[in-house]
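Chemist: next comes the sequence, and after it the predicted model I'd like to discuss.
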Amino acid sequence: MGNISENFRKVQDTIPSGVSLVAISKTKSTEDIMEVYDCGQRVFGESKAQELVPKYEELPRDIEWHMVGHLQSNKVKYIAPFVSMIHSVDSMKLLKAINKEGRKNERVIDCLLQMHIAEEDTKFGLDYEELTGILGSEEFAKMNNIRIRGLMCMATYTEDTEQVSREFRQLIKYFDQARSNFFPGDDTFTIKSMGMSDDYEIAIREGSNMVRVGSRIFGSR
C-alpha cells in the first residue's frame, strides 16, 4: 500500500457526502494518527480502553474518540470522561455502567446498540427481541446520562457479497423498526454504523451513514 495520507485520500474519495468516516487507529502509533489528522480527519476509533486513554492524553483535543471494540463494564470508567461515542453496546449491564459513569462525569454519553446480524456465531450483538427488551424497559427509561444515537453491526467475514448485503439490509430493517417503535420524532436517533475496510462500499450502498475503516487507511496490523 502507499503511504498513509495517500491511502486516506483514496478512501475519502469513495465516501459520499452524508456518510461519516471513523478512522480505526487501533495498534497504530500517534505519528500514524497525526498523518491522518493532518489530512483533516478528526474522528478516530479504538477498540481497547487501555490503548485509547494514552492516545487521548497525547494527541490533539479536538479529536473525537469512538470506542468501537467490545467493552467490558469495568473499563467504562477510564473512557467516560472524554469518549465521544461508544459503538459496541450489547447489554443492559454495559448500558447501566455507561450511564453510571456518565452521571459521575456530568456527561451524556452517545451510544450505538450493537446488533448481531452476521450468519456466524463469533460476533457480539443483540437480536431484535433483546433490543426491544432494553429499549422498552423502565430501567432504560430512567437513564439520563446516555443517548442512543443508532445501531451498529459487523457483517460476516466472507467473499460472498450477496450475503454481506443481506446482513446489512437486516440492520437497516432493525433500525427502521426501532426508530418507528421507540424513537419517533427523535432527530438524534440517526446512525446506521456498518461497514469496515473490506465491505464499507457495500454497506454504503445498503444505507450505512457511518463507516469504520482502518487497514485501508493505515495498512495491515
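Modeler: Good, I have the coordinates. Numbering: from 1, shown residues only.
Chemist: shaky segments in this structure?
Modeler: By pLDDT under 70, the low-scoring segments of the chain are 1-2, 121-123, 221.
Chemist: please report phi then psi for the residue nearest the centre of it.
Modeler: Centrality entry for the chain: nearest residue to the mean C-alpha point is H87, 3.4 Å, by CA atoms, centre = their mean. Torsion angles at H87 (phi, psi; degrees, to the nearest 10) stand at phi -80, psi -30.
Chemist: next SSE downstream of the biggest helix by length in the chain?
Modeler: Criterion DSSP state H: the longest helix present in the chain is helix 161-182. Where DSSP states H and E defines the elements, the next helix or strand beyond helix 161-182 is strand 191-193.
Chemist: ok, back up a step: pull the residues that contact the longest helix of the chain.
Modeler: 115, 117-119, 128, 131-132, 135-136, 150-151, 153, 155-156, 158, 186, 189, 192, 194-195, 199, 202-203, 205-208 (CB atoms under 8 Å, 6 or more residues apart in numbering). Where you see a C-beta, it was placed from the backbone N, CA and C, and this is true even at glycine.
Chemist: so what's K104 up against?
Modeler: Applying CB under 8 Å, 6+ apart, the residues near K104 are K77, A80.
Chemist: and the one 4 residues further on, by the same measure?
Modeler: Contacts of V108 were listed using CB under 8 Å, 6+ apart, and they are G102, N144, N145, I146, R147.
Chemist: next: N145.
Modeler: I98, N99, K100, E101, G102, R103, R107, V108, I109.
Chemist: and the third one, its phi and psi?
Modeler: Read that as K100. phi -60, psi -50.
Chemist: on that earlier part again, for ChimeraX, what selects the buried ones among the contacts of N145?
Modeler: A single ChimeraX command selects the buried members of those (16 or more other CB atoms under 10 Å):
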select :98,99,100,101,102,103,107,109
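Chemist: farthest-separated two in the contacts of N145?
Modeler: Farthest pair in those (CB to CB) is K100 and V108. Separation: 12.9 Å.
Chemist: which parts of the protein are helices?
Modeler: Using DSSP H, the helices of the chain run over 4-13, 30-37, 49-58, 76-79, 92-104, 128-135, 138-141, 161-182, 200-205, 215-218.
Chemist: which residues sit against the second one?
Modeler: The reference is to helix 30-37. 3-5, 8, 23, 25, 44, 55, 58-60, 63, 217-218.
Chemist: swap in the last one?
Modeler: Helix 215-218 is contacted by residues 4, 7-8, 10-11, 23-25, 28, 32, 36, 197, 200, 221 when judged by CB under 8 Å, 6+ apart.
Chemist: follow-up on the earlier one: correct me, but the residue nearest to the centre of the chain touches E46?
Modeler: No. Counting by CB atoms under 8 Å, H87 stays clear of E46, with 10.5 Å between them.
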